[in-house]
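the sequence and its predicted three-dimensional model are supplied below.
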Amino acid sequence: MEELGHVYQLLVPVGGYTMTFNLNVIIMTWIVIALLLLFGYATARKRNRIPGPMQVVGELFVSQLYGLTEDALDKELARKYAPLICALFMFLVLCNWLGIIPRLEEPTKDLNTPLSLGLMGFFISHYLGIKTKGFKGYIKEYFEPIFFMMPLNVIGELAKVISISFRLFGNIMGGSIIILVVSYLTYSVLLPPFLNMFFGLFVGTIQAFVFTMLTIVYISVQVK
Amino acid sequence: MASELHTWIEVAAFMGGGIAMGFGAIGAAMGEGHTAASANAVMMRNPAIKGDIFKTMLVGQAVAESASIFALVIAILLLFTRFHEVSYMPVAALLGAGISMGFGAIGSGIGSGFPSATACEGIARQPEATQKVTTVMLAGQAVAQTPAILALLISIILIFKEFPASDTILFAPAAALIASGLCMGIGAIGPGIGEGIAASGGVTWVARNQENAGQIIRLMLVGMAVSESTAIYSLVVSLLLIFVV
């Protein structure tokens, strides 16, 4: 049980402060990026009217997520933001699946990854909110229904970021803790592969989808 | 003194871990049972799509479970982390963390069972709506878990907060830490259930009227945000109790 909460860190002193890098997370994220680039290359290499097997998989991904974005936002915004949503979903799915390979860890197990993605969604949705409603209309929404509700409305908006990122973090962290504890108790015999399947593939996919879906929903709430 | 302090902190951590997982298991189990009951009932109404109903039930239950997975994370953290033993304050903080997460997981667990139950019904009534209903169900369940996630946040703050070294026991600040756990934990029960009810209404009507799904989802989310505001009051008061009082 010693490896619980153990993080390899790179400490870089910059002027009086120390910058901390979690090496594990960075390396795992780069592995995910490399795999995604490979996937992109394999799907788009031989584009044809009669698609090959890889192209079918890629088209399936893109068209499904495109449809999802179009349902929530209108056509113009969907054209602009569907690529972002696709990339977000593919990145998260691969991150959550990475843990099923021995010795690799999910980058989403570290709070930094979900929190930064959550902040990205937050800034995009608020930028779009200001752009469509104008600065005045945007600010006015915080003073509804009564003006003194403003601080609570602001906290409510911040709670969205916290909830979206801690949900992913908690689920992935919880799954890996359960796998660790059960492997420790059963000496890694028989049970862990099934748990890996459930928490890595099943819950990982659902949570990646939920994260993506909520990002779209937050954008659509700001825009409409 | 040092060994006595060590004992007290261990006692608090074990108690907190037990409370977190013990209470945290209640809600999710009830919610999942509700989903399973509904899936059973509608399986008889429309046996032709039992595969879809089974899939929806499983996905809904897996999402509803995350409230108690959060409780498990906190319980394991409390049981296996080595805490700094410099003052008596962590004793209260660890107990508070357990209480916050334990009670906080109840409401969201029960609440996120409702949308998945109505999603099974909706799919049985209207199999063409399966994809939309599943999407709305997932969004609704995820938002209904926000109170549990706020409780998770308070627990993590309480576990990893650092206290200045001292040998004396200060009762009032210690009580404030336990109170912040109680405030967030109990405050999260109602919003969790309420948001679940709102989400289940949204799922029902998306299943009946797919064309207006966008409007229904938006109204559902606004309603959920309003019922969530009470959880946010609890969050504010808990943060005040931890950092200001």
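Perfect, thanks for sending it. This is a predicted model, so every value here is computed, not measured. Numbering: from 1, shown residues only, chains lettered A, B, ... in the order given.

going by C-alpha atoms from here, please, whenever you check contacts or count neighbours.
Will do.

residue B:87 belongs to a strand?
No - Residue B:87 is assigned coil when assessed by DSSP: H, G, I helix; E, B strand; the rest coil, not a strand.

wait, it touches residue B:165, no?
Yes - between residue B:87 and residue B:165 there is a contact at 5.1 Å, judged by Cα atoms under 8 Å.

please, which helix or strand holds residue A:13?
strand A:9-14 (DSSP states H and E).

ok, and for the helix or strand following that strand, which residues are buried?
Where DSSP H and E defines the elements, the next helix or strand beyond strand A:9-14 is strand A:17-22. Residues of strand A:17-22 classed as buried by neighbour count (16 or more other Cα atoms under 10 Å in any protein chain shown): none.

again, but for stretch B:20-27
Buried residues in stretch B:20-27 (16+ other Cα under 10 Å): B:20, B:21, B:22, B:23, B:24, B:25, B:26, B:27.

tell me who's in contact with the last one.
Okay, so that is residue B:27. When contacts are counted by Cα atoms under 8 Å, 6 or more residues apart in numbering or on different chains, residue B:27 touches B:67, B:68, B:105, B:106, B:107, B:108, B:109, B:110.

so residue B:104 sits against residue B:24, correct?
Yes - using Cα under 8 Å, residue B:104 is in contact with residue B:24, at 7.3 Å.

circling back to that earlier point, using a markdown table, lay out the contacts of residue B:27 together with pLDDT, secondary structure and neighbour count.
Below are those laid out as a markdown table (pLDDT from 0 to 100; DSSP: H, G, I helix; E, B strand; the rest coil; neighbours: other Cα atoms under 10 Å in any protein chain shown):
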| residue | pLDDT | secondary structure | neighbour count |
| --- | --- | --- | --- |
| B:67 | 91 | helix | 35 |
| B:68 | 91 | helix | 30 |
| B:105 | 93 | helix | 37 |
| B:106 | 94 | helix | 31 |
| B:107 | 93 | helix | 31 |
| B:108 | 93 | helix | 37 |
| B:109 | 93 | helix | 34 |
| B:110 | 94 | helix | 29 |
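
in a markdown table, list those along with distance to residue B:125.
As requested, these are exported to a markdown table (distance: Cα to Cα, whole Å):
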| residue | distance to residue B:125 |
| --- | --- |
| B:67 | 29 |
| B:68 | 31 |
| B:105 | 31 |
| B:106 | 30 |
| B:107 | 28 |
| B:108 | 27 |
| B:109 | 26 |
| B:110 | 24 |
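
let me know the pLDDT of the nearest residue to residue A:12 once chain neighbours are set aside.
Distances taken as Cα to Cα, 6 or more residues apart in numbering or on different chains place residue A:19 nearest to residue A:12, at 5.0 Å, with adjacent residues excluded. Looking at residue A:19, its pLDDT is 79.

how close does residue A:19 get to chain B?
Residue A:19 sits 20 Å away from chain B, going by Cα to the nearest Cα, to the nearest Å.

give me the element the residue positioned nearest the centre of chain B is part of.
Note on chain B: the residue nearest the mean C-alpha position is residue B:148, at 2.6 Å, using Cα atoms, centre = their mean. Here residue B:148, judged by DSSP H and E, is contained in helix B:146-160.
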